[in-house]
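>>> Please work out how this folds:
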Amino acid sequence: MPKLTAADEYFYHQIPEPLPNVVNRHDHWRESLFFVFHPKDQPGDAVILTMAQYPKREIVDSFQMGTIGGDMFLEIHQRPFDGDPHTLSVGPVSIDIVEPYKKVVLKADPEIAPVGLDITFDARSREQGLRRGNMKRGDEIIWDQCHMVQSGIYNGTYSYKGETYAVDDWWGQRDHSWGIRDHSRCPFWMWLAIQLPDAMISVWNWEYSNGARIYTDGCYAPTDMSEPVPVTSFEHDLQWIDKFDHTTDYQRDGENVTGISGGVKIQFENGRQMEIEATGRWACRYGALGGGLLQMELQTSDGRKGTAIYELTGAHHYKYFPIARAENLPVSS
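Just a heads-up that it's a prediction; the model follows:
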């Protein structure tokens with residue numbers, strides 16, 4: 001007899017099974033929410049909150065990570081499905097989607113969580129659904145996901161080590177993804193969440209170890225809420241830097257790396273091209289998974305200044321992760 005949940009009362013089903021079941025009962029199938037916020041004008045604290053559910057493992061988890069006052073932190077909270085895989089709460093953390101694609105409230109109890117949160121996300125751009133992307137090694141699925149991205153203004157407070165800090169119109173991004181992603185066996189991906197005074201630019205780019213392109217998508221989303229313009233072409237030339245701003249090699253684990261610097265070039269569906277130069281430092285490192293999230297300052301080729309979160313991660317890439325940290329990776333054949 002199938003197990004039903006409260007969400008099964010609604011018109012949410014996509015396959016002829018109750019909602020805890022998905023089309024592929026894969027170890028790495030997950031549905032995930034991601035929120036990041038940071039100051040508008042210059043580097044500062046960067047706070048990240050995630051929440052995800054894993055149907056095969058029957059757990060919901062939430063990561064709190066980022067950098068506050070120079071301290072890098074990472075904490076995970078977990079709970080079992082226990083008949084409710086859909087409520088957006090895990091231990092001290094809750095996410096309330098007040099109005100879809102417009103307002104979301106993030107909370108974390110400061111008595112339990114390492115970082116207390118009482119934060120509201122208000123959309124500053126339209127949401128953009130990205131194309132489904134996938135990658136295999138032979139018949140084995142390594143990545144097969146859909147993705148949504150959106151820029152927002154964050155307000156409220158966060159607390160850390162007994163101190164409470166105000167968030168007044170900070171910039172940031174959120175995304176929502178669902179499908180299969182075996183992070184430890186992905187060769188390389190780059191995710192850019194670029195915030196400008198009048199727009200957000202998002203890029204989601206995947207490559208094999210040799211640099212061959214798997215997938216690129218993203219958009220230019222104006223803050224006047226007009227329709228986002230899709231990305232059609234993307235080039236990148238970034239360099240890892242050390243604490244002295246000197247170019248350095250990541251080697252296997254990036255022991256000398258403290259940030260990244262360089263340029264990207266983006267073309268959009270309307271024919272517009274843009275070059276962006278940026279420099280930034282770690283907001284959160286991913287340890288054995290490689291790379292992580294970096295908080296960036298940037299300038300566009302048309303003279304606008306902004307801030308961003310860049311994510312570079314993966315197990316092996318000829319330029320960014322030259323020494324492989326995993327076996328049986330997908331190859332470009």
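>>> going forward, measure contacts and count neighbours with C-alpha atoms only.
Will do.
>>> quick one: low-confidence ranges for the stretch 1-150 of the chain?
Where the stretch 1-150 of the chain drops to pLDDT under 70, the residues are 1.
>>> Please point out which parts of the helix or strand residue 298 falls within sit buried.
Assigned by DSSP states H and E, residue 298 falls within strand 292-300. Of the residues in strand 292-300, 292, 293, 294, 295, 296, 297, 298, 299, 300 count as buried by neighbour count, 16 or more other C-alpha atoms under 10 Å.
>>> what do you get for stretch 214-225?
215, 216, 217, 218, 219, 220, 221, 222, 223.
>>> quick check: longest strand of this structure.
Using DSSP state E, we find that the single longest strand of the chain is strand 140-160.
>>> Could you list every helix and strand that the helix or strand following that strand packs against?
Per DSSP H and E, the first helix or strand lying C-terminal to strand 140-160 is strand 163-181. Judged by 3 or more C-alpha pairs under 8 Å, 6 or more residues apart in numbering; DSSP states H and E, the packing partners of strand 163-181 are strand 29-38, strand 140-160, strand 188-196.
>>> Quick one: work out the angle between strand 163-181 and strand 29-38.
150 degrees (axes from the mean of the first three to the mean of the last three C-alpha atoms, to 10 degrees).
>>> ok so, going back, now do the longest strand of the chain and strand 188-196, the angle between them.
Going by the same axes, to 10 degrees, strand 140-160 makes 40 degrees with strand 188-196.
>>> Centre of the chain to strand 140-160, how far?
Centroid separation between strand 140-160 and its chain, computed with C-alpha atoms, centre = their mean, to the nearest Å, is 5 Å.
>>> can you pull the buried residues of stretch 279-290?
279, 280, 281, 282, 283, 284, 285, 289, 290.
>>> Dump the residues you listed into JSON lines; add distance to residue 127, pLDDT and secondary structure as well.
Shown next, in JSON lines, are the buried residues of stretch 279-290 (distance: C-alpha to C-alpha, whole Å; pLDDT from 0 to 100; DSSP: H, G, I helix; E, B strand; the rest coil):
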{"residue": "279", "distance to residue 127": "27", "pLDDT": "98", "secondary structure": "strand"}
{"residue": "280", "distance to residue 127": "26", "pLDDT": "98", "secondary structure": "strand"}
{"residue": "281", "distance to residue 127": "27", "pLDDT": "98", "secondary structure": "strand"}
{"residue": "282", "distance to residue 127": "27", "pLDDT": "98", "secondary structure": "strand"}
{"residue": "283", "distance to residue 127": "24", "pLDDT": "98", "secondary structure": "strand"}
{"residue": "284", "distance to residue 127": "25", "pLDDT": "97", "secondary structure": "strand"}
{"residue": "285", "distance to residue 127": "27", "pLDDT": "98", "secondary structure": "strand"}
{"residue": "289", "distance to residue 127": "29", "pLDDT": "97", "secondary structure": "helix"}
{"residue": "290", "distance to residue 127": "29", "pLDDT": "97", "secondary structure": "coil"}
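>>> Among the residues you listed, which one sits closest to residue 23?
Ranked by distance to residue 23 (C-alpha to C-alpha), those are led by residue 289 at 26.7 Å.
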